[in-house]
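1. structure, please.
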Amino acid sequence: MPRPHLLTLSAAAAVLALAACSSATEAADPAAERSAELSAAGTQYPITLDNCGTEVTFDGAPERVVTIKSSTAETMLALGLGDRIVGAAFLDGAVPDWLADDAEGTAVAEPFSDEVPGTESVLELEPDLVYAGWESNVSADGVGDRETLASLGVSTYVAPAACKDPEYMPNPLTFEDVWAEIREVGAVFDVAGTAEEVVLEQSAVLGAIAPDDRGLDALWYSSGSDIPYVGAGIGAPQMILDAVGLGNVAADVEDTWTSMAWEEIVDADPDVIVLVDAAWNSAEDKIARLEENPATAELGAVRAERYLVVPFPASEAGVRNADAALDLSGQLAELDIDE
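-> Predicted coordinates for the structure are as follows:
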């Protein structure tokens with residue numbers, strides 16, 4: 001089904017302006033003023049960040065970036081930094097329509113690896129930064145560990161939502177955490193004003209959602225067949241479900257995702273099922289599995305086909321989360337559910 005585009009910046013500003021109409025003294029949008037101020041100020045280098053427990057210093061804006069995972073590539077595109085990407089790897093699907101023009105002609109349009117690349121193939125691209133969507137991407141089993149890459153002159157930055165150390169892992173992840181990453185990347189690349197515009201846009205999209213008030217519960221079905229892998233209680237799935245107004249049958253699991261036995265799902269009997277649509281495990285495949293399994297076939301959500309669909313790249317923390325929440329909210333509103 002078609003996905004709505006994110007609101008344009010002008011539309012986002014219009015949404016926020018409606019809330020300010022009651023005050024005649026507010027002549028300008030404070031968020032827009034803040035964006036202009038940040039653009040004028042610029043980043044004062046060097047800047048040092050504590051990124052998942054690793055100290056990273058930038059003496060200037062990175063010029064040659066390798067992105068790993070869709071979330072990082074799409075953040076770069078949203079910030080107008082597609083020309084800095086010299087290699088994109090391990091993408092989870094096509095970019096959304098609202099980023100298609102930004103991706104055209106960049107390395108994102110032709111990924112150099114469908115999986116996590118090895119150190120040698122990354123170094124051939126001569127990057128000065130590897131921007132990773134998962135902490136495991138920058139390990140000996142991935143592109144190389146962070147210390148080794150630093151010794152070779154390559155900085156690393158991991159999406160903060162993916163930090164695994166409890167001291168750094170968002171618990172729970174919030175949209176403010178997602179926007180903090182956008183702002184931090186904006187500071188690294190000296191585009192803080194643009195980052196603030198993106199946050200303003202995201203905030204307006206989120207503000208346009210009217211959370212469902214029927215007290216419905218959902219299963220966030222990400223992947224797996226014998227043992228399903230589902231959205232748990234502190235990650236992007238929970239954050240999006242909260243925005244939509246849906247409970248999570250795995251909310252009591254303190255993790256981003258978790259395995260959940262089919263027997264547990266049957267006992268939970270969710271009102272709706274969110275299906276993560278991925279090339280390697282499509283929504284259609286999941287529906288077939290649910291309908292073929294004698295136990296899950298009797299779930300009320302399966303019998304009534306109460307399914308919501310979200311693309312895999314939008315299920316991980318990043319610039320697509322607000323859009324995903326708005327989309328799911330619209331799908332949910334179209335379902336006929338007896339309270």
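
2. is S223 in a bridge, and if so with what?
-> Listed beta-bridge partners, S223: Y229 (assigned using DSSP bridges).

3. next one: it relative to L275, how far apart?
-> 10 Å (CB to CB, to the nearest Å). To be clear about C-beta, it is placed using only N, CA and C from the backbone, and glycine gets the same treatment.

4. who's more crowded, the two?
-> When neighbours are counted by other CB atoms under 10 Å, L275 comes out ahead of the other of S223 and L275, with 22 against 16.

5. ok, then the element right after the strand or helix carrying that one?
-> Assigned by DSSP states H and E, L275 belongs to strand 272-277. Toward the C-terminus, strand 272-277 is succeeded by helix 283-292 as the next helix or strand (DSSP H and E).

6. for that following helix, what does the pLDDT average out to?
-> Averaged across helix 283-292, the pLDDT comes to 97.

7. show me what it is packed up against.
-> Helices and strands in packing contact with helix 283-292 are listed as strand 272-277, strand 307-311; criterion 3 or more CB pairs under 8 Å, 6 or more residues apart in numbering; DSSP states H and E.

8. CA atoms only: put the shortest one into PDB for me.
-> Okay, so that is strand 307-311. Once side chains and other backbone atoms are set aside, the C-alpha atoms of strand 307-311 remain, and they are given as PDB (Å, rounded to 0.1, in the frame of the first residue of the first chain):
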ATOM      1  CA  TYR A 307      -2.900  -6.500   9.800                       C
ATOM      2  CA  LEU A 308      -0.800  -3.300   9.700                       C
ATOM      3  CA  VAL A 309       2.200  -3.200   7.500                       C
ATOM      4  CA  VAL A 310       5.500  -1.200   8.000                       C
ATOM      5  CA  PRO A 311       8.600  -1.400   5.700                       C
END
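
9. let me know the angle separating it from helix 283-292.
-> Per axes from the mean of the first three to the mean of the last three CA atoms, to 10 degrees, the angle that strand 307-311 makes with helix 283-292 is 150 degrees.

10. show me what strand 307-311 is packed against.
-> In this structure, strand 307-311 packs against strand 272-277, helix 283-292, helix 321-334, with contacts taken as 3+ CB pairs under 8 Å, 6+ apart.

11. quickly list what the closest residue in space to K286 that isn't next to it in sequence is bridged to.
-> Excluding the flanking residues, the one nearest K286 by CB to CB, 6 or more residues apart in numbering is L275, at 4.9 Å. The bridge-partner assignment for L275, based on DSSP bridges, gives Y221, V309.

12. how close does L275 sit to S70?
-> 18 Å.

13. do the same with V230
-> If you measure V230 against S70 using CB to CB, the figure is 20 Å.

14. same deal with V56?
-> Distance of V56 to S70, computed by CB to CB: 22 Å.

15. more neighbours: which of these two?
-> When V56 and S70 are compared on other CB under 10 Å, the one with more neighbours turns out to be S70, at 27 against 18.

16. check contacts around that one.
-> With contacts defined as CB atoms under 8 Å, 6 or more residues apart in numbering, the neighbours of S70 are 91-93, 95, 133, 312-313, 316, 318.

17. and for Y168?
-> By CB under 8 Å, 6+ apart, the residues touching Y168 are 52-53, 160.

18. what about stretch 139-156, how long is it end to end?
-> Stretch 139-156 stretches 11 Å from its first residue to its last (CA to CA, to the nearest Å).

19. contacts for that stretch, please.
-> So stretch 139-156 is in contact with 51, 54, 56-58, 62, 66, 68, 116-119, 122-123, 127-132, 136-138, going by CB under 8 Å, 6+ apart.

20. go with 7 Å
-> Identification of contacts with stretch 139-156 by CB atoms under 7 Å, 6 or more residues apart in numbering yields 54, 56, 58, 62, 68, 116-119, 122-123, 127-130, 132, 136-138.
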